[in-house]
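Student: Return a 3D structure for these sequence lines:
(one chain, ligands or ions: 1)
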Amino acid sequence: APRRRRRATLPPGPKAIPIIGNLLQLPRVNPFEIYAKWSKTYGPLLYFHVMGREFVIVNSLKAAMDLFETRSNLYCHKPRMVMAGELVGKEQTSMVFSRYNDRLKECRKITHSWMGKMSIVETYPLQEIGLVRLLEALLDDPERFSDHVRTYAGTVLLRLIYGTRCLPRDDPHIALSEHVCGLTAEAMRPGRWFCDFLPWMANIPEWFPGAGFKQWAKQTRRTTMELIQGPYEVVKKAVIDGTAPKSWLADEMLDESGQIKGGEEAYNLMMASGSLYAAGIDTTVSAIRTFFLMMARNPEIQKKAQDEIDSVVGPNRLPSVSDRPSLPYINAIIKECLRINSIVPILPHSSDTDDVYEGYLIPKGSFVMVNAWKILHDPEIYPEPENFRPERFIPSPGEEMQMDPEELVFGLGRRTCAGLYFAQSWIYLNMTQVLFAFDIGPAKAPDGNLIVPPARFETAGHIRVPAEFKCSVSPRSPEKIELIREVATMVRDD
Ligand code: HEM
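Tutor: Down below sits the predicted model:
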């Protein structure tokens, strides 16, 4: 471990080789599974280091809560990432990567005013319009269900943030956003960049042999900036011209005297709005795709959910947000989808000062990573964790309700998800409206056999997503088709 006067001992962990540390043991795929295994040997807190970077993995719920919730004032920072955070500059352009500083606090205030518990209610009508479009797309082209789920989540997000009216296909702003999401994932890929382990490399000049990474970083930085600045400038001009459609950003651009905001205030608005698409798209899409996958695999659960919707909503209207309190089984399905996937499997935070927990030293600046996947798949908390069982979250006589995964999946402490209420309502509407109108089932092979999709997940960037799968999505009745078409024409000219 890096040399430092230690006040306490480091947590236990796998034995390291000098200089390169645990590099050779560092898992490239699904590291959270390996960390979970290591915790059987080393306990809930484990330590390792790789070429000077220190990692503390937190594998138990109690330690996660004690550190990230109770000591949130310490663990509210994000660890230093040389490529993504510094060279590409995400620390200055994205809330997710930022340190916990005044600018982040301002950004969180802004996003709270847009997506807090009260404000989110104002977005329901737009969300419902987006949903009708999704249902229509599922009617017209059910095989591409997975693409539609992404397209309409993106469309609704950009409409809310910037008032942008996206094209249903090949929209240039969505294309650029997706491109930047890809670049960010590349910038964060573990083991991809030497400079992440040897931070001094960040200072070598661009012309230096082997400094190609700096060229890449410069270009990526430019593209990333373009993504957040482009739409900001468009909205700004429209606000000045008085032609801006209603949006979160447009509503916030003028100060009390009717002047366009400038300086730090303007920058914070640009950063807050620019952070939301990237933070919101892969996560919600992963949740909704998990739902399709689990429905295709569990026909009885699906039937039970549809019965619940039918009895509460009836046949003549689409389900809405106000039905939610009457749909406990749907709510349990949402929780179970979030648990079984654990969309953000590892939560990395960092502290600016050394800390001691249960006698162990947690060094300042180390990557302190809560293994959310491990906790959400811990058989002590969730018996038979690989089984999809919404009943875990329905109170029943003689059986205690299992821990609500939503306490963990949206993060902990001062850095919890800024889009929580949007995510919850959007996911709920997707799941409920889709089940109201469609049956989801295994796809049919050319020989007529049904292919039940396997429950396989993979990690892309820091998000866990279902591996690509096929399923059938068919309308439940001619009446449902008619209802969707009817509602769709009513909202056509919104
Ligand atoms: C199922 C959907 C979602 C999940 C599971 C999720 C989960 C998370 C998690 C785990 C974090 C990091 C928390 C931490 O470090 O402790 C986070 C942060 C964040 N999320 Fe979400 N999220 C979701 C949807 C969204 C949506 C829809 C938006 C925006 C529209 C959004 C915006 C953000 C932002 C801006 C942050 C950074 C907050 C900060 O660092 O202060 N998220 N989210």
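
Student: And this protein, split by domain according to the record?
Tutor: As assigned by automatic domain parsing, the chain contains the domains 1-90+343-376, 98-342+377-490.

Student: The first one: how far from the chain's middle?
Tutor: Centre-to-centre, domain 1-90+343-376 and its host chain are 21 Å apart (Cα atoms, centre = their mean, to the nearest Å).

Student: next one: stretch 204-223
Tutor: The answer for stretch 204-223 is 29 Å, by Cα atoms, centre = their mean.

Student: what's in contact with that stretch?
Tutor: 83, 87-89, 176, 179-180, 183, 187, 193-195, 201 (Cβ atoms under 8 Å, 6 or more residues apart in numbering). In this view, the C-beta of every residue, glycine as well, is placed from N, C-alpha and C.

Student: Now do it: distance from first to last residue.
Tutor: Taking Cα to Cα, to the nearest Å, the first and last residues of stretch 204-223 lie 22 Å apart.

Student: Check the gap between Asp307 and the ligand for me.
Tutor: Note on Asp307: its distance to the ligand, by Cβ to the nearest ligand atom, to the nearest Å, is 26 Å.

Student: Please disregard the earlier target; I meant Lys214.
Tutor: For Lys214 relative to the ligand (Cβ to the nearest ligand atom), the value is 27 Å.

Student: Tell me if that residue really is in a helix.
Tutor: Yes - residue state for Lys214 (DSSP: H, G, I helix; E, B strand; the rest coil) corresponds to a helix.

Student: where's it relative to Arg189, distance?
Tutor: Per Cβ to Cβ, to the nearest Å, Lys214 is found 17 Å from Arg189.

Student: Contacts for stretch 321-329, please.
Tutor: Against stretch 321-329 from outside (Cβ under 8 Å, 6+ apart): 124, 127-128, 304-305, 308-309, 312-313, 319, 330-331, 390, 394, 425, 428-429, 432.

Student: sorry, that was for stretch 474-488
Tutor: If you take Cβ under 8 Å, 6+ apart as the criterion, stretch 474-488 is touched by 132-133, 135-136, 139, 142, 306, 315-318, 436-439, 441.

Student: And the residues you listed, which of them are buried?
Tutor: 132-133, 135-136, 139, 142, 306, 318, 436-439, 441 (16 or more other Cβ atoms under 10 Å).

Student: between those, which is closest to the ligand?
Tutor: Nearest to the ligand, judged by Cβ to the nearest ligand atom, of the buried ones among the contacts of stretch 474-488 is Arg133 at 17.7 Å.

Student: For that closest one, which non-adjacent residue is closest in space?
Tutor: Nearest residue to Arg133 in three dimensions, chain neighbours excluded: Tyr152, at 5.7 Å (Cβ to Cβ, 6 or more residues apart in numbering).

Student: Could you measure from the one you found over to the ligand?
Tutor: According to Cβ to the nearest ligand atom, Tyr152 and the ligand sit 13 Å apart.

Student: following the helix or strand encompassing that residue, which helix or strand comes up?
Tutor: Here Tyr152 is covered by helix 145-162, with elements defined by DSSP states H and E. The element immediately downstream of helix 145-162 (helix or strand, assigned by DSSP H and E) is helix 172-188.

Student: What average pLDDT does that following helix get?
Tutor: Helix 172-188 carries an average pLDDT of 87.

Student: Near the ligand, which residues of the protein? Just list them.
Tutor: 95-96, 104, 108, 111, 157, 275-276, 279-280, 283-284, 287, 343-344, 347, 409-412, 415-419, 422-423, 427 (Cβ under 6 Å from any ligand atom).

Student: what about burial for those, which qualify?
Tutor: Neighbour-count burial (16+ other Cβ under 10 Å) applied to these gives 95-96, 104, 108, 111, 157, 275-276, 279-280, 283-284, 287, 343-344, 347, 409-412, 415, 417-419, 422-423, 427.

Student: Just the strands from the stretch 201-350 of the chain, written as ranges.
Tutor: 346-349 (DSSP state E, counting those that start in this stretch).

Student: Which one's more surrounded, Lys214 and Arg189?
Tutor: Counted by other Cβ atoms under 10 Å, Lys214 and Arg189 do not tie: Lys214 has more neighbours, with 20 against 14.

Student: Asn203 versus that one, what's the distance?
Tutor: From Lys214 to Asn203 the distance is 10 Å (Cβ to Cβ).

Student: Likewise for Asp439?
Tutor: Relative to Asn203, and taking Cβ to Cβ, Asp439 is found at 59 Å.

Student: Where does pLDDT dip in the stretch 1-150 of the chain?
Tutor: Applying pLDDT under 70 to the stretch 1-150 of the chain picks out residues 1-7, 19, 24.

Student: taking the contacts of stretch 321-329 one by one, which sit in helices?
Tutor: Within these, residues falling in helices by DSSP state H are 124, 127-128, 304-305, 308-309, 312-313, 330-331, 425, 428-429, 432.

Student: and stretch 102-118, C-alpha only, in PDB?
Tutor: Output in PDB follows, covering the C-alpha atoms of stretch 102-118 (Å, rounded to 0.1, in the frame of the first residue of the first chain):
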ATOM      1  CA  ASP A 102     -20.700  24.600  -4.000                       C
ATOM      2  CA  ARG A 103     -21.400  24.100  -7.700                       C
ATOM      3  CA  LEU A 104     -22.700  20.600  -7.200                       C
ATOM      4  CA  LYS A 105     -24.900  21.800  -4.300                       C
ATOM      5  CA  GLU A 106     -26.300  24.500  -6.600                       C
ATOM      6  CA  CYS A 107     -26.900  22.000  -9.400                       C
ATOM      7  CA  ARG A 108     -28.700  19.700  -6.900                       C
ATOM      8  CA  LYS A 109     -30.900  22.600  -5.900                       C
ATOM      9  CA  ILE A 110     -31.800  23.200  -9.500                       C
ATOM     10  CA  THR A 111     -32.600  19.600 -10.300                       C
ATOM     11  CA  HIS A 112     -34.600  19.300  -7.100                       C
ATOM     12  CA  SER A 113     -36.700  22.300  -8.200                       C
ATOM     13  CA  TRP A 114     -37.400  20.400 -11.400                       C
ATOM     14  CA  MET A 115     -37.800  16.900 -10.200                       C
ATOM     15  CA  GLY A 116     -38.500  17.000  -6.500                       C
ATOM     16  CA  LYS A 117     -41.500  15.200  -5.000                       C
ATOM     17  CA  MET A 118     -43.800  18.100  -5.600                       C
END
